[in-house]
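>>> the following comprises the amino acid sequence and a computationally predicted model.
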There are 4 protein chains.
Amino acid sequence: MFTKMEKTRVFRDPLYGYISVDYKIIADLIDTRELQRLRRIRQLAGVGQVFQTAEHSRFTHSLGAYHMANLVIHNVDGMDEVSDYDKMLLLIAALLHDVGHGPYSHAFESITKVSHEEYTVKLITSPNTEINKVLSVQPGLADDVASIIAHTGKFPLIEALVSSQLDVDRMDYLSRDAYMTGAAYGNIDYYRILRSLRIIDGQVYCKASGVNSVESFLMSRYHMYFQVYYHPTARSFEVVLEMIYRRIYDLHEKGYRFEAKIGTFIKVLNDPENLEAYIELDDSYVGGVIKQLVHSKDKVLSTLSKAFFNRHLFKVIDMDDEPDPELVEEIRRKYAEMPDGKYFIKDVQSSGRAYNHTTKLEDINTITVLLPSGKAKTLEQFSPIIKSLTTKSYKVINRIYYFEGYEG
Amino acid sequence: MFTKMEKTRVFRDPLYGYISVDYKIIADLIDTRELQRLRRIRQLAGVGQVFQTAEHSRFTHSLGAYHMANLVIHNVDGMDEVSDYDKMLLLIAALLHDVGHGPYSHAFESITKVSHEEYTVKLITSPNTEINKVLSVQPGLADDVASIIAHTGKFPLIEALVSSQLDVDRMDYLSRDAYMTGAAYGNIDYYRILRSLRIIDGQVYCKASGVNSVESFLMSRYHMYFQVYYHPTARSFEVVLEMIYRRIYDLHEKGYRFEAKIGTFIKVLNDPENLEAYIELDDSYVGGVIKQLVHSKDKVLSTLSKAFFNRHLFKVIDMDDEPDPELVEEIRRKYAEMPDGKYFIKDVQSSGRAYNHTTKLEDINTITVLLPSGKAKTLEQFSPIIKSLTTKSYKVINRIYYFEGYEG
Amino acid sequence: MFTKMEKTRVFRDPLYGYISVDYKIIADLIDTRELQRLRRIRQLAGVGQVFQTAEHSRFTHSLGAYHMANLVIHNVDGMDEVSDYDKMLLLIAALLHDVGHGPYSHAFESITKVSHEEYTVKLITSPNTEINKVLSVQPGLADDVASIIAHTGKFPLIEALVSSQLDVDRMDYLSRDAYMTGAAYGNIDYYRILRSLRIIDGQVYCKASGVNSVESFLMSRYHMYFQVYYHPTARSFEVVLEMIYRRIYDLHEKGYRFEAKIGTFIKVLNDPENLEAYIELDDSYVGGVIKQLVHSKDKVLSTLSKAFFNRHLFKVIDMDDEPDPELVEEIRRKYAEMPDGKYFIKDVQSSGRAYNHTTKLEDINTITVLLPSGKAKTLEQFSPIIKSLTTKSYKVINRIYYFEGYEG
Amino acid sequence: MFTKMEKTRVFRDPLYGYISVDYKIIADLIDTRELQRLRRIRQLAGVGQVFQTAEHSRFTHSLGAYHMANLVIHNVDGMDEVSDYDKMLLLIAALLHDVGHGPYSHAFESITKVSHEEYTVKLITSPNTEINKVLSVQPGLADDVASIIAHTGKFPLIEALVSSQLDVDRMDYLSRDAYMTGAAYGNIDYYRILRSLRIIDGQVYCKASGVNSVESFLMSRYHMYFQVYYHPTARSFEVVLEMIYRRIYDLHEKGYRFEAKIGTFIKVLNDPENLEAYIELDDSYVGGVIKQLVHSKDKVLSTLSKAFFNRHLFKVIDMDDEPDPELVEEIRRKYAEMPDGKYFIKDVQSSGRAYNHTTKLEDINTITVLLPSGKAKTLEQFSPIIKSLTTKSYKVINRIYYFEGYEG
């Protein structure tokens, strides 16, 4: 059904050695402009401002997720009973799962209210994209891939492998982000995890003997979140950006005439369905716009844009450090009373949906453990450590970000 | 007080690159026959039968612990207020902390009832050892080093750094055992840990901002225990050995005349104070003795020795797997009724003191966290994950090991 | 003379663990917009199109070279006799040595005829740059730093450490490029190299006992060049770019009115001294310009720009493969006869100055080996392997790049 | 023909992650006492005295060579045309190639004049070994495996893959020894090498495009030899041992009655065909014997044995350092005149056959390079770097080892 190329295409990768592409459809998808565009969008957005070596793009992660899907196909017990079509869905969905990401997605989504998953679906199903053209070799294929991204439940096994508590996406990005930042925590024994999994009647189980490797994976994830993804300065950078986006949005609503060439941006704000405009957006576009806005006559916009460029970021108060309540109150009052003060203070709770990488950690218990006796337990029942990650006492970071040096 | 050598002595090490020795006293201790003897005792004993590449000796670990002590001295906040004498105690105690280990110590200790720490103290303080001669350059030094090993409380800070929940011993062995086995779990960011510590008034604190690195360290430890140190086959190997030791001991008590040359062994059983005999014991001595005992007329001894050599180990039932209770009962009854059946079955609970590497995980809460406000909390109060490791629900492995194919 | 900061600033780095900055002047230089701009210029330019994970910027390499300089200061024998001022020159020159690089420098330099080193000097000495302002804390400092970049010979030792056959620049970039591409060849034992060096009377020697580590370093370099930097496809990408630059230049000379906004580019072509314009140039600026030129009415420009974007690169003939001479002649004739054919074929000889990273490999013999007897030899005299790299028979790659599918 | 086991047996390995054994015959061979004995013989013999972390055994290397053979089978172009029987020969020969090694083989061979390869052949073909029993499942198999070890030319392709300039033996040991010593030089891109090879009509070619990876491999080998295997202190240790062996041999010839229990040793000296005795020899046996000989009444033996144990090794003069010729002459004269002086001085030339790991580097040119045009060249013709390794000017180490402090 799917053609293999005469010559395997090979990508060098420092994590895996080599990534091989055998199918023509995969090679063609890699060459689409929508996927190539991910070369210009950094995987870690604001985090890269703190971990300065983490300069890798969403493109390399996408190839990595594809490779991990390939490893799943060749190493997980029970995959031989999955149909060739479903295996191809897995490879394609893994490769495309992040294609809808915009630059600094999290901040962007907070104002457009369109998630990157929705854009991924659009880019797959819209008849004008190169991706859609490639997928059209097989009727229904584009819709089936999109259904996996959208979690419709049509292909529950493939959905689980692409996006769940233990999926090809996370297995690649935790390893890769650790490799690129130099954090020691993301060292995942993915091969052992794959060997611990078992597919029975279309459901993924973890053998009891392999639970430790899954515990270790989830702990790596936990540590990467608190050490890297939720790093206070990294988040501060994203808060500034979100405020800039929000101010642009509000000014645009009021009919403000911007001093910068931000047409593409406005097009997307006006019509989120404008995919042509959307895929023009990348890190350097956003960087260029903000560079111009430093000179805006709107004081809020120029202040925030300068803050972004000079790395004069928002200050942070971590509630876990038990700060002086009066001081906190005073800060809150100051911004509440200031006109436009709302652009200069923000409460951020990091956990759950706090970061666009995250899915709810509470769902961890959806991993099912298979005992030698044949009985099954949830991971939470089986592992007290995992239980500790799912309880109320589970660590949540509450921070106040505020800008010092703006007096309205 | 302590002489530096003209030329630094350098040991290559794959974990650290290079280990440097500047002080003559350290170089002289390394050259003593008591420490050199550790080259012939493998760090992981029975575990090396399962993880076959883990062939490293206690000697390389001892050098590693010394190096880690050196890193502590040069990297931990507040170490500049520690006296030169105390720093030297730290270096020496780290280097010598394992010198009393015998071959397959855990099994050995179970019959002699003398711990390896006690032997370490003896080898440091007995006037006939080379170690004692080296230490005698400074009056009182040997006793002070011994007091640290014996946990007398005379040098509480140095004791804590050498042996506590977070010490130079563990930081080296977790990293090294992981490197040697290929387990991904022991990848410890020790440099970050060192930078997270702070010594105030002779007590070790962990800064709140560094708690994640300590959590990660403790989780690595947890995983190394359950994946590597408590591996069922590795433990089985040690159970066989313990049974051999026990049988030798019982036969010796009854005046049995052994068919093998086990004089040195008997000397130690008769007089645990016989250090000359004790330091003759090493892995190959034990191997040689058991090889001979394969031909013993005592059926218990020959059966167990054959089992050891042919890797025909004890079978394992893991109670977590919820085995059929009747089957378990039947096995227990069989060995209870069999003469000498006690040598062929053993209940093993892995946790707490189960393995000689371990100290009580319950003590984890002795690490104190320093908040930015200056307040302190126990690690357990601060971190729900660590709390989960200390509660009753904490994972304990209950296993029954028994030998199949012996009918009395 | 130079102020230390109260708190060391620390950068995480996957190669070195941590990079520490103690001096305020270094921290201030890192924060200048000229150095921050390097975040937007990729280290490997066209090579990154082939080794897709090599997405790192010149910024991370600059920090790495600074760190390597710091290691030199603390590890090389004889550095204690170097003055504090000269040590600071070393740190600063290492940090700034690449600051003049433009986007895809090699192609760019081929038309402007201004080298990136010249731009580095300008950015250091021009009174309008942030770098110059930071350096002005100490009279004469900017000129002294510039003199090292320009190889005037005023500080011969520092020049040798920053840029010679064995310098902090190469030690970082070979390691880093290998880490990022996944090539196994750049694994340099830099610590051992540093320990092999010895400074006597302001000259760098390599002890005979350490020559192997230098041989290994030079071989790593050799392999990185032939495997990575001279990769045929990577070079092809740069050839396309060079042709685009050249066509723009030629059209501009003729007064062509470009269909794209390329004002900044033209400013630099008109006046290479326009630093304000020059530092606006970065990878995404160039990418943006070329994207627009796809629609140019000039057929040469639109053809080449499309080739660049669609990765429809020039074909390569490697003369080492002993191609059919008639075929080669036919290709040459075709483009010679075609109007504007010169934009579509190019002979490339890779060796010597072929790549902007390179310095002449023939100069390798400038490393001097110190024998235990006190005598000195050139490395070439000492090592037959190195001799083989310097002789005429030394490998040179001769390739013809040509574009298929343009018929004039 | 060869049975697969129901369950793959998996060995963890830090270099490869996992080593898989599918065939019963391989698993059975691993369990033989002859192969298990290699656990007690260290791979690096005297080198381990200098690189103290290199404590790995010949057993782990043997598994590694088997694994590399498996990688060859699954990755090298053209292996699909090799018969299943020949593939099995490759796996078995790789696994068993070192089984004849004795403890500190090199020194041992110098007196018995029986090479370890000859012992390997004997252990495979003698009807009393466990290996022979396992191989007897298939008539002729043992002889065929032995023919590969003995280089009879019956299976030229398999011989080349097991033992040539570029074979599974070297690919494992260079990587492994580097991993264990921490030397940076052995970092071999073996996967890329495998992909560069191509088998045509039973001969191994290297594609021109992959020559760099082979150059890199050969340079790694070169560096490992000069940095690790030929390390002057490591070789000194082996010289002492060789002298002990030689003195024992000479005394035995004269009918000396040894003060130590060295019966097994003598049995082998008397009858090299005594395999039962031979396989009793291992590192700890040799260590035990020498420990006893410290107290020998023969002064030569006691002096050398003490030297061995106290690491009071032979001094080294490296002729490359251009030592004072008179001094050299004086030393030579002293030992020439001393009775038994021949046991205390030795000229060692390190290159070619100098070390038992080595084969003649001059044979490097046997690797054949396949050009894209279909023509072939020797590697030497193709690569000037390799040519430099094969010429007369190629580095040879000439050293004089002599013992200080013995006056006859």
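Here it is on my side, so go on. Owing to the predicted nature of the structure, the values given are computational and were not obtained by experimental measurement.
>>> for A:Glu280, which non-adjacent residue is spatially closest?
Nearest non-adjacent residue to A:Glu280, counting by CB to CB, 6 or more residues apart in numbering or on different chains: A:Thr264, 4.7 Å away. C-betas here are computed from N, CA, C, even on glycine.
>>> the one you found: how many residues sit nearby?
By the measure other CB atoms under 10 Å in any protein chain shown, the count of residues near A:Thr264 is 17.
>>> okay, it and chain B: tell me how far apart.
40 Å (CB to the nearest CB, to the nearest Å).
>>> over to A:Asp283?
On the measure of CB to the nearest CB, A:Asp283 and chain B end up 28 Å apart.
>>> that residue against A:His101, yeah?
No. With contact defined as CB atoms under 8 Å, A:Asp283 does not reach A:His101; the gap is 10.8 Å.
>>> between those two, which one's more packed in?
The neighbour count for A:Asp283 versus A:His101, taken as other CB under 10 Å, is higher for A:His101 (26 against 18).
>>> just say helix, strand or coil for that one.
Put simply, A:His101 is coil when judged by DSSP: H, G, I helix; E, B strand; the rest coil.
>>> contacting residues around it?
Counting by CB atoms under 8 Å, 6 or more residues apart in numbering or on different chains, A:His101 touches A:38, A:41, A:58, A:116, A:119-120.
>>> what parts of chain A come near chain B?
Residues of chain A lying near chain B by CB under 8 Å from any CB of the partner chain: A:183-185, A:187-189, A:192, A:208, A:212-213, A:215-216, A:219, A:222-223, A:226-227, A:318, A:320-323, A:371-373, A:375, A:383-385, A:387-389, A:391, A:393-395.
>>> let's see it at 7 Å
Residues of chain A that fall close to chain B, judged by CB under 7 Å from any CB of the partner chain: A:184-185, A:187-189, A:208, A:212, A:216, A:219, A:223, A:226-227, A:321-322, A:371-373, A:375, A:384-385, A:387-389, A:393-395.
>>> find residues that contact each of A:Asp283 and A:His101.
Residues touching both A:Asp283 and A:His101 (CB atoms under 7 Å, 6 or more residues apart in numbering or on different chains): A:Ile41.
>>> returning to that earlier point: can you flag the buried ones in the residues of chain A next to chain B?
Neighbour counting with 16 or more other CB atoms under 10 Å in any protein chain shown marks A:184-185, A:187-189, A:208, A:212, A:216, A:219, A:223, A:226-227, A:371, A:384-385, A:387-389, A:394-395 as buried within these.
>>> for A:Ala307, give me its contacts.
Contacts were defined as CB under 7 Å, 6+ apart; by that measure A:Ala307 touches A:240, A:313, A:403.
>>> so what sits opposite the closest residue to chain D within the stretch 1-150 of chain A in the bridge?
Across the stretch 1-150 of chain A, no residue is closer to chain D than A:Gly17, which sits at 5.4 Å (CB to the nearest CB). Beta-bridge partners of A:Gly17, counted by DSSP bridges, are A:Asp13.
>>> just to revisit the earlier point, which SSE is the residue nearest to A:Glu280 in?
Of the helices and strands defined by DSSP states H and E, A:Thr264 is found in helix A:263-270.
>>> next SSE downstream of the strand or helix carrying A:Ile199?
Assigned by DSSP H and E, A:Ile199 falls within strand A:197-200. Read in the C-terminal direction, the helix or strand following strand A:197-200 is strand A:203-207, with elements assigned using DSSP H and E.
>>> so the host helix or strand of A:Ala65, near chain D or not?
According to DSSP H and E, A:Ala65 maps onto helix A:58-75. No. Contact of helix A:58-75 with chain D (CB under 7 Å from any CB) is absent, the minimum separation being 10.4 Å.
>>> hmm, who's touching the helix or strand that that helix is followed by?
Under the assignment DSSP H and E, the closest C-terminal helix or strand after helix A:58-75 is helix A:84-96. Surrounding helix A:84-96, the residues in contact under the criterion CB under 7 Å, 6+ apart are A:1-2, A:26, A:29, A:62, A:65-66, A:68-70, A:73, A:120, A:124, A:131, A:144-145, A:148-149, A:155, A:158, A:161-162, A:168.
>>> one step back: can you point out the buried residues in the helix holding A:Thr264?
Residues of helix A:263-270 classed as buried under the neighbour-count rule (16+ other CB under 10 Å) are A:264-265, A:267-269.
>>> list the buried residues of the very next helix or strand once past that helix.
Under the assignment DSSP H and E, the closest C-terminal helix or strand after helix A:263-270 is helix A:275-278. For helix A:275-278, the neighbour count (16+ other CB under 10 Å) marks A:275, A:277-278 as buried.
>>> where are the low-confidence patches of chain A?
Under the criterion of pLDDT under 70, the regions of chain A flagged as low confidence span A:186, A:351-366, A:388-396.
>>> picking that back up, kindly reformat the buried residues of helix A:275-278 as TSV containing distance to D:Leu327.
Supplementary listing: the buried residues of helix A:275-278 in TSV, determined by distance: CB to CB, whole Å:
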residue	distance to D:Leu327
A:Leu275	83
A:Ala277	83
A:Tyr278	81
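>>> of all these, which comes closest to D:Arg246?
For the buried residues of helix A:275-278, the residue nearest D:Arg246 by CB to CB is A:Tyr278; the value is 81.2 Å.
>>> part of a strand, is A:Asp347?
Yes. Using three-state DSSP, the assignment for A:Asp347 is a strand.
>>> run a quick neighbour tally on it.
So A:Asp347, with other CB under 10 Å, has 12 neighbours.
>>> circling back: output the contacting helices and strands for the helix holding A:Ala65.
The criterion is 3 or more CB pairs under 7 Å, 6 or more residues apart in numbering or on different chains; DSSP states H and E, and the helices and strands that helix A:58-75 contacts are helix A:84-96, helix A:168-181, helix A:190-196.
>>> any chance of TSV for these, columns mean neighbour count?
Listed next are these as TSV, based on neighbours: other CB atoms under 10 Å in any protein chain shown:
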stretch	mean neighbour count
helix A:84-96	23
helix A:168-181	24
helix A:190-196	21
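>>> and the stretch 101-250 of chain A, which residues reach chain D?
Taking CB under 7 Å from any CB as the criterion, the stretch 101-250 of chain A approaches chain D at residues A:Tyr191.
>>> domains of chain A?
What the record gives for chain A is the domain set A:4-230, A:235-353+A:397-402, from automatic domain parsing.
>>> out of those domains, which one sits most buried?
Relative to the other members of these, domain A:4-230 carries the highest mean neighbour count by mean count of other CB atoms under 10 Å in any protein chain shown, namely a mean of 20.
>>> what about it, distance to the chain center?
When distances are taken as CA atoms, centre = their mean, to the nearest Å, domain A:4-230 is centred 10 Å away from the chain's centroid.
>>> same check, this time on stretch A:220-237
For stretch A:220-237, the distance to the chain centre is 13 Å (CA atoms, centre = their mean).
>>> what's in contact with it?
Identification of contacts with stretch A:220-237 by CB under 7 Å, 6+ apart yields A:46-47, A:49-51, A:170, A:174, A:177-178, A:181, A:183, A:185-186, A:188, A:313-314, A:316, A:348, A:350, A:355, A:357, A:389, A:397, A:399, A:401, B:212, B:216.
>>> helices - which of those land there?
The helices in this structure, assigned by DSSP state H, contain A:47, A:49-50, A:170, A:174, A:177-178, A:181, A:389, B:212, B:216 from the contacts of stretch A:220-237.
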